[in-house]
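Colleague: starting from these lines, generate the structure:
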Amino acid sequence: MPKSVMPIKPSDVAAQKSKDFPPAVIEAFNELIAREMSGRSVRILQENVVKLMVEKGLKREDIFSNGWLNVEAIYRKEGWVVEYDGPAYCETYPAFYIFSVK
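Modeller: Numbering: from 1, shown residues only. Next up, the predicted model:
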């Protein structure tokens, strides 16, 4: 008899993503958060986290094509307030994340 498959619950998305991401993704974010944190929040530039992921052996094109920068749900599940801001088509500033303590 085939195994029954159920749709994913919204509450399970973060856990599933963390299983699907290579460890280097979370390691890179964790390192930058720990290094840059002062007070109750930290601003992490997307270009810095991508650079660190590449140094850890990931390919830049894989990082973007696999959505490995979409870590917000994973960190929110762990108690962080996470905001992402990137430039619109007519803007030219570096994309960044803000991780804040609840």
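
Colleague: so Trp68 versus Met6, what's the distance?
Modeller: 26 Å (C-beta to C-beta, to the nearest Å). The C-beta positions use only the backbone N, C-alpha and C, and glycine is treated the same way.

Colleague: helices and strands of this structure: which one has the lowest mean pLDDT?
Modeller: Across the helices and strands of the chain, the lowest-confidence element by mean pLDDT, DSSP states H and E is helix 13-20, at a mean of 78.

Colleague: follow-up on the earlier one: neighbour count for Trp68 and Met6, which is higher?
Modeller: Trp68 (22 against 6; other C-beta atoms under 10 Å).

Colleague: OK, contacts around the more buried one?
Modeller: Counting by C-beta atoms under 8 Å, 6 or more residues apart in numbering, Trp68 makes contact with Phe21, Pro22, Val25, Met53, Leu58, Asp62.

Colleague: ok, the second one - contacts?
Modeller: When you say that, I think you mean Pro22. Leu58, Trp68.

Colleague: which residue is the nearest non-sequential neighbour of Tyr97?
Modeller: Ile44 (4.7 Å; C-beta to C-beta, 6 or more residues apart in numbering).

Colleague: so what's that neighbour scoring on pLDDT?
Modeller: The model reports Ile44 with a pLDDT of 97.

Colleague: also Lys77?
Modeller: At Lys77, pLDDT is 89.

Colleague: apart from its chain neighbours, what residue comes closest to the spatially most central residue of the chain?
Modeller: In the chain, the C-alpha nearest the mean C-alpha coordinate belongs to Val71, at 2.5 Å (C-alpha atoms, centre = their mean). Using C-beta to C-beta, 6+ apart and skipping the chain neighbours, the partner closest in space to Val71 is Phe29 (5.8 Å).
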